[in-house]
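Q: Below is the sequence, then the predicted model.
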Amino acid sequence: MRAYAYAAHGAANVATLQNVPIPDPPASSSTLQIKVNACSFNPIDYKRRSGALKMIFPEKYWPVTLAYDVCGVVTKAGDKVTKFKVGDTVYGRVSTAYPNIGTCAEYTLATEDVLSFKPQKMTSEEAAAVPLACLTAFQMLRKAGFKQGDHILITAGAGGVGHYAIQLAKALGASKITATASAPKHELLKSLGCDEVIDYKSQDITKLFKARPFDIGLDNSAESAKLIKVVKEGGSVVSVVEGINSQTVREMGGNPSFLIGWILYFMTRSLYNAASKARVSYSFMRLQTNSKDLDEISALIEAGKLRSVIKVFDGIEKAPYALAEVEGGRATGKMVVKIA
Ligand SMILES: NC(=O)c1ccc[n+]([C@@H]2O[C@H](COP(=O)([O-])OP(=O)(O)OC[C@H]3O[C@@H](n4cnc5c(N)ncnc54)[C@H](OP(=O)(O)O)[C@@H]3O)[C@@H](O)[C@H]2O)c1
């Protein structure tokens, strides 16, 4: 089968379309083989490919097939699979049990604990956009202690995570949603439920919001220091980009050396100190993929409360263009590759 994969870390050109064997689920397992209808890319794909994460998460197997998000049809199931059967259309964020078997391929593997049934309301392309980014937004809200009536600030509101975070905050009862984006994306964000959009290129949130009106800040753009300054005392800031220390790396299954631990400590201590001084709870979060949260997201999709903003690249041979658009850092919503 064809897969978009790389056998060494490096720039975009290390990843190519390759012929690799179709992966088979172990017979006595809860693993499914999925014929991929569509996959989508996230920033982790180019960060991992570049080698930026290798000190903390060294690769165990090569080649690595790109992409984590999938929507596709079950073609084989291990004996211990109970929830799905051959022919079901499923979606999810894979690559936990099989770290080098990604989704930008004609077939992939996933254990059933990370999969849900594709929402009826979505096409395969729309569903393939959801798992990693939307689960991240969902879990950030939970980690931040989001409650009905909160005023929330979301940075990079037009990105994969941000555009779902806006819709989730709306669906879960935020009193006011403020997000940052460049000016051409403001109308889109308002159509997703944003009450106020700030053009981060011309305005500084720390000057605009000196009164610290926000209950919660979600940082998708490495701007934790600014968010800590505008969230009210007793509020919380959750970042998925910075604030990583040895404890969070261990929670993610990594094994930081003493030296890496010290480097991370020195890189992040000013953020944790600033948060403590401002009496704001601050934390880094890493997505924990699981079907329970994805089922809750599916229910919101079926209720018409969540949609995917996508750009579709038709055919696996277009995958490098889709990933390049994410790597450019200006993508709106999610970049999806239609494979079947
Ligand atoms: N820890 C985790 O588990 C986890 C999970 C998911 C994602 N992440 C990380 O979270 C970050 C966001 O992910 P993503 O998928 O949302 O990325 P993305 O889709 O690539 O984000 C692109 C968007 O970010 C906007 N943007 C860039 N810099 C901005 C800034 N300073 N202020 C406002 N908007 C800005 C761009 O809008 P403009 O064109 O308007 O600039 C663009 O629309 C990435 O660093 C990713 O690696 C971490």
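A: Now that the structure is in, tell me what you want to look at. Numbers count the residues shown, from 1 in each chain.
Q: Could you give the number of residues near the nearest residue to Gly102 once chain neighbours are set aside?
A: Closest residue to Gly102 apart from its sequence neighbours, by C-beta to C-beta, 6 or more residues apart in numbering: Thr65 at 3.6 Å. C-beta coordinates here come from the backbone N, C-alpha and C atoms, glycine included. Thr65 is flanked by 23 other residues according to other C-beta atoms under 10 Å.
Q: give me every residue that touches Thr65.
A: Ala3, Tyr4, Ala5, Val20, Asn100, Ile101, Gly102, Thr103, Cys104, Ala105, Thr108 (C-beta atoms under 8 Å, 6 or more residues apart in numbering).
Q: Quick one, which of those residues are buried?
A: Buried by 16 or more other C-beta atoms under 10 Å: Ala3, Tyr4, Ala5, Val20, Ile101, Gly102, Thr103, Cys104, Ala105, Thr108, out of those.
Q: State the distance from the closest residue to the fourth one other than its chain neighbours to the ligand.
A: Pointing back at Val20 there. Nearest residue to Val20, sequence neighbours excluded (C-beta to C-beta, 6+ apart): Ala3, at 4.8 Å. Distance, Ala3 to the ligand, using C-beta to the nearest ligand atom, to the nearest Å: 22 Å.
Q: helix or strand for Ala3, which one?
A: strand 2-6 (DSSP states H and E).
Q: Now do the residue nearest to Leu115 when sequence neighbours are not counted against Phe258, distance only.
A: Counting by C-beta to C-beta, 6+ apart, Leu115 lies nearest to Gly92, which is 4.0 Å off, once chain neighbours are set aside. Noted for Gly92: a distance of 36 Å to Phe258, by C-beta to C-beta, to the nearest Å.
Q: One more: Arg2?
A: Applying C-beta to C-beta, the value for Arg2 to Phe258 is 43 Å.
Q: any bit of the helix or strand containing the residue nearest to Leu115 sitting next to the ligand?
A: Element membership for Gly92 (DSSP H and E) is strand 89-93. No: Strand 89-93 lies apart from the ligand when judged by C-beta under 6 Å from any ligand atom; the minimum separation is 9.6 Å.
Q: same question, stretch 308-321
A: No: using C-beta under 6 Å from any ligand atom, stretch 308-321 stays clear of the ligand, coming no nearer than 9.8 Å.
Q: Pick out the residue in the stretch 1-150 of the chain sitting closest to the ligand.
A: Going by C-beta to the nearest ligand atom, the ligand is nearest to Pro43 of the stretch 1-150 of the chain, at 3.4 Å.
Q: Enumerate every residue touching that residue.
A: With C-beta under 8 Å, 6+ apart, Pro43 has these contacts: Gly160, Val326, Glu327.
Q: Take those residues and keep only those in helices.
A: Secondary structure assignment (DSSP state H) places Gly160, Val326, Glu327 from the contacts of Pro43 within helices.
Q: Excluding chain neighbours, what is closest to the first one?
A: To tie it back to what came earlier, the one meant is Gly160. Counting by C-beta to C-beta, 6+ apart, Gly160 lies nearest to Ala133, which is 3.6 Å off, once chain neighbours are set aside.
Q: ok, that neighbour - contacts?
A: With contact taken as C-beta under 8 Å, 6+ apart, Ala133 is in contact with Asn42, Asp69, Gly159, Gly160, Val161, His163, Tyr164, Lys334.
Q: Pull the contacting residues for the residue nearest to Val20.
A: Counted by C-beta under 8 Å, 6+ apart, Ala3 has contacts Leu17, Gln18, Asn19, Val20, Pro63, Thr65, Gly102, Cys104, Ala105, Glu106.
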